[in-house]
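Engineer: predicted model and sequence follow; I will ask about them next.
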2 protein chains.
Amino acid sequence: MSDAKVTSLDVARMAGVSQSAVSRVFSGASASKTTIAKVRAAADRLGYRPNRLARAMITGKSRIIGLVVAYLDNQFYPLAIERLSQALQERGYHILLIMAGNSPEGIDAVMADLMTYQVDGIITASVAISSDLTERCSAMGIPVVMFNRGQDGSGLSSITSANVEGGRKVAEFLLAGGHGRIAHVAGWQGSSTGRDRTQGFLAALAEAGASPPEMIDGMYDRATAAEAARRLMEGPQPPDAIFVGNDHMALAVMDRLRHEMGVSVPGDVSIVGYDDVPMAAWPAYDLTTLRQPVNRMVEATVDTLLAEIEDPARGHEKVEITGPLIIRGSARVPRGWT
Amino acid sequence: MSDAKVTSLDVARMAGVSQSAVSRVFSGASASKTTIAKVRAAADRLGYRPNRLARAMITGKSRIIGLVVAYLDNQFYPLAIERLSQALQERGYHILLIMAGNSPEGIDAVMADLMTYQVDGIITASVAISSDLTERCSAMGIPVVMFNRGQDGSGLSSITSANVEGGRKVAEFLLAGGHGRIAHVAGWQGSSTGRDRTQGFLAALAEAGASPPEMIDGMYDRATAAEAARRLMEGPQPPDAIFVGNDHMALAVMDRLRHEMGVSVPGDVSIVGYDDVPMAAWPAYDLTTLRQPVNRMVEATVDTLLAEIEDPARGHEKVEITGPLIIRGSARVPRGWT
DNA sequence: AGGATTGTTGCATACGTTTTCATCGACGCT
DNA sequence: AGCGTCGATGAAAACGTATGCAACAATCCT
């Protein structure tokens, strides 16, 4: 019995009530038992569902969240998106997905686009946004929370893992493992995430009196990282351990070492990654890595964003979530390490 | 100079024209050079962008496409989503992403939700939808195109690779390689995609006079597929080749065989997958597989969908795109094979 | 019993845009 | 000069919903 476009007015007519009554029933406002029953019955017969765009117009709340993401080839992001989407759906929100290459101007354009959809909030996954844009968002009262990336001066909320601490843990693990020549294929140093991990890693090495490691920026790119690993291994004094700035690159490094250079992992060199993407647990890699707790990061992201939406006066917050080192087979394990 | 909410009326006032004039400038209708200039100037100063929801209300076109996807752990889908999103963005559309577990009722609920956003069209990636829902969509004039999945009676447009033909090609390749005991870890037989690949595969084997292969449904699930492989190999006459219904499972099979059962690939058994996800090319797997041409499938999907949106009277079409067998190192290569 | 309170309901307005319609001025033609 | 044509313009209606307001009924209290 469902026809093309059925509006609250149609339902009202069939139920013999006013359009306002229909609206009240579906928006949860008060109504008598009998009207509710009549409206529900008519609505079911007609297959009526309220038009969310019209509702958004009047309330000013679209219940749409913009999600801006650069690339999806790093498995960490699909996973995060899946969880984010589910968590938001449970709370009555939905995700408008935007792919933004990595050019800053592209991101600005694309986010301006987003705002014309009257999104209630924006989540950025590993993208940097201009301060100009930040201002426009706060001027329009659109909360932004950055997922897995911080931005220093921005004053925006951000959810990351405890990257500095994570970097330290990796260093301590490798030192305890008796590695003498530790190298580092860093996460992109243009990102807070990459910088922080590197910083913690270097600090812990320095405090232990170890000499500063040889280090190359892997740009979060497989090819760049693999090439970096090759250069490290072909240097005069090849490392016996490499900390790679994320799993996505670490897997590329392992591939290059094992299958193209004949280097044994962990026999000749220990590899430690960062993220603990599902593939890290696959037998072909069995990668020791510092876990970013996706679920908790997603929860924190959703909680923070919705809180800021509900209370615009709320301050911004920077959440850091600690993750454990997941010990597998790609790095020598110190004697007695738990 | 940008304040909270700036509407076309604000721009009109500042430019000294009517609100209709502003609308005409931004919707591309005709206007004199001078008005255009005045409006543009005022709009820039105020930071005005038309409200797409209001526009959608009146035009009936939201320029939003609903994308329904079950899971993202199979790398094929993140990739497809990335491309889909980009292609649609270029055409002025954006994606509302919906995660739908695999329960049919969940999918119906979630798609009904989608429709309240007045989406202009829907793309389903590997999910089946009830005929009830199909009817409601066509009643509301919302085109649906199924990506990487067909549905027999539905009369919906679908874009797939040439799965039957693909299955045949794999069979021919394995036969030419001189494999005598060929087995099959099938894609989920509840999906057209899985069934078609299997059907082509079996048909080619039968035509060549080979005995029907032992076969287990891998359900598109890593654990299930790995277990299936174990059972096949531990049978009385273990296979010397396995065709696995997609790469996602094939990688799991290789892991299980190589690292947990000590079986050599391709020494003891050849493995062929389907999809050619990026990981298939990684040295750790080097998987021979039948490529699904993502880019062309995505192009066909958005072309078909947008065509149906622009011309609702247009019929539905089922597009099949042929992909090549990508020969790598996981399966024995027939002598002289190009 | 009468007034105060509470809960329900319908009317009308608003949200920000597109689009029809009529008006108007300018222009070209005979 | 007068008439028809055409492009530009503003006024106003629509899209489908939420909500303030006033009217009204019912209930409660003293």
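Structural biologist: All right, it came through fine. Just so it is clear, the structure is predicted and the values come from calculations on it, not from any experiment. Numbering: from 1, shown residues only, chains lettered A, B, ... in the order given.
Engineer: end-to-end on stretch A:58-70?
Structural biologist: The straight-line separation of the ends of stretch A:58-70 (C-alpha to C-alpha, to the nearest Å) is 33 Å.
Engineer: is that stretch positioned near DNA strand D?
Structural biologist: Yes: with C-beta under 7 Å from any atom of the strand as the threshold, stretch A:58-70 lies in contact with DNA strand D, specifically through A:58, A:59. (Glycine included, C-beta is placed from N, CA and C.)
Engineer: so how far is that stretch off the chain centroid?
Structural biologist: Distance of stretch A:58-70 from its chain centroid, counting by C-alpha atoms, centre = their mean, to the nearest Å, is 17 Å.
Engineer: and chain A, which of its residues are near DNA strand D?
Structural biologist: The interface of chain A toward DNA strand D, taken as C-beta under 7 Å from any atom of the strand, is made up of A:5, A:7-9, A:19-20, A:23-24, A:26-27, A:29, A:48, A:50-51, A:54-55, A:57-59.
Engineer: for ChimeraX, what selects the buried ones among these?
Structural biologist: Written as a ChimeraX command, the selection of buried residues from the residues of chain A next to DNA strand D, which uses 16 or more other C-beta atoms under 10 Å in any protein chain shown, is:
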select /A:8,23,24,26,48,50,51,54,55,57
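Engineer: report the secondary structure state of whichever residue of the stretch 101-250 of chain A sits closest to DNA strand D.
Structural biologist: Residue nearest to DNA strand D within the stretch 101-250 of chain A (C-beta to the nearest atom of the strand): residue A:118, separated by 12.7 Å. Three-state secondary structure (criterion: DSSP: H, G, I helix; E, B strand; the rest coil) places residue A:118 in coil.
Engineer: grab the nearest non-local neighbour of it.
Structural biologist: Closest residue to residue A:118 in three dimensions, ignoring its sequence neighbours and counting by C-beta to C-beta, 6 or more residues apart in numbering or on different chains: residue A:62, at 4.7 Å.
Engineer: tell me how far that neighbour lies from residue A:228.
Structural biologist: 44 Å (C-beta to C-beta, to the nearest Å).
Engineer: now residue A:201
Structural biologist: Taking C-beta to C-beta as the measure, residue A:201 falls 15 Å from residue A:228.
Engineer: which positions in the stretch 201-338 of chain A make contact with chain B?
Structural biologist: With C-beta under 8 Å from any C-beta of the partner chain as the criterion, the stretch 201-338 of chain A comes near chain B at residues A:251-252, A:254-256, A:258-260, A:278-279, A:282-285.
Engineer: among the residues you listed, which lie within helices?
Structural biologist: When helices are assigned by DSSP state H, the members of those inside them are A:251, A:252, A:254, A:255.
Engineer: residues contacting the closest residue to the last one other than its chain neighbours?
Structural biologist: Going back to what we said before, that points to residue A:255. Closest residue to residue A:255 in three dimensions, ignoring its sequence neighbours and counting by C-beta to C-beta, 6+ apart: residue B:283, at 4.4 Å. Taking C-beta atoms under 8 Å, 6 or more residues apart in numbering or on different chains as the contact definition, residue B:283 lies against A:255, A:256, A:258, A:259, A:260.
Engineer: hang on, isn't the first one packed against residue B:284?
Structural biologist: Yes: applying C-beta atoms under 8 Å, one finds residue A:255 in contact with residue B:284, separated by 5.5 Å.
Engineer: which residues in the stretch 201-338 of chain A form strands?
Structural biologist: Using DSSP state E, counting those that start in this stretch, the strands found in the stretch 201-338 of chain A span residues A:214-217, A:241-244, A:270-275, A:288-291, A:318-321, A:325-326.
Engineer: before we move on, what about the stretch 51-200 of chain A?
Structural biologist: In order along the chain, the stretch 51-200 of chain A carries the following strands (DSSP E, counting those that start in this stretch): A:64-69, A:94-99, A:121-125, A:144-147, A:157-161, A:182-186.
Engineer: for residue A:42, helix, strand, or coil?
Structural biologist: For residue A:42, the secondary structure call by three-state DSSP comes out as helix.
Engineer: do the same with the one 3 residues further on
Structural biologist: Secondary structure of residue A:45, reduced to three states by three-state DSSP: helix.
Engineer: give me the distance between stretch A:100-111 and the centre of its chain.
Structural biologist: Per C-alpha atoms, centre = their mean, the centroid offset for stretch A:100-111 relative to its chain is 17 Å.
Engineer: near chain B at all, it?
Structural biologist: Yes: Stretch A:100-111 lies in contact with chain B when judged by C-beta under 8 Å from any C-beta; the contacting residues are residue A:110.
Engineer: got a list of contacts for that stretch?
Structural biologist: Counting contacts by C-beta under 8 Å, 6+ apart, the residues outside stretch A:100-111 that touch it are A:66, A:68-71, A:98-99, A:122, A:127-130, A:132-133, A:137, B:89.
Engineer: tell me which of those is nearest to residue A:298?
Structural biologist: When those are compared for distance to residue A:298 (C-beta to C-beta), residue A:69 wins out at 13.5 Å.
Engineer: rewinding a little: would you reformat the contacts of residue B:283 as a markdown table and include neighbour count and distance to residue B:85?
Structural biologist: As requested, the contacts of residue B:283 are arranged in a markdown table below (neighbours: other C-beta atoms under 10 Å in any protein chain shown; distance: C-beta to C-beta, whole Å):
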| residue | neighbour count | distance to residue B:85 |
| --- | --- | --- |
| A:255 | 23 | 28 |
| A:256 | 21 | 31 |
| A:258 | 19 | 34 |
| A:259 | 14 | 33 |
| A:260 | 12 | 33 |
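Engineer: for these, which one is nearest residue B:153?
Structural biologist: For the contacts of residue B:283, the nearest to residue B:153 is residue A:255 (45.2 Å; C-beta to C-beta).
Engineer: contacts only, for that closest one.
Structural biologist: For residue A:255, the set of contacting residues under the criterion of C-beta under 8 Å, 6+ apart consists of A:226, B:282, B:283, B:284.
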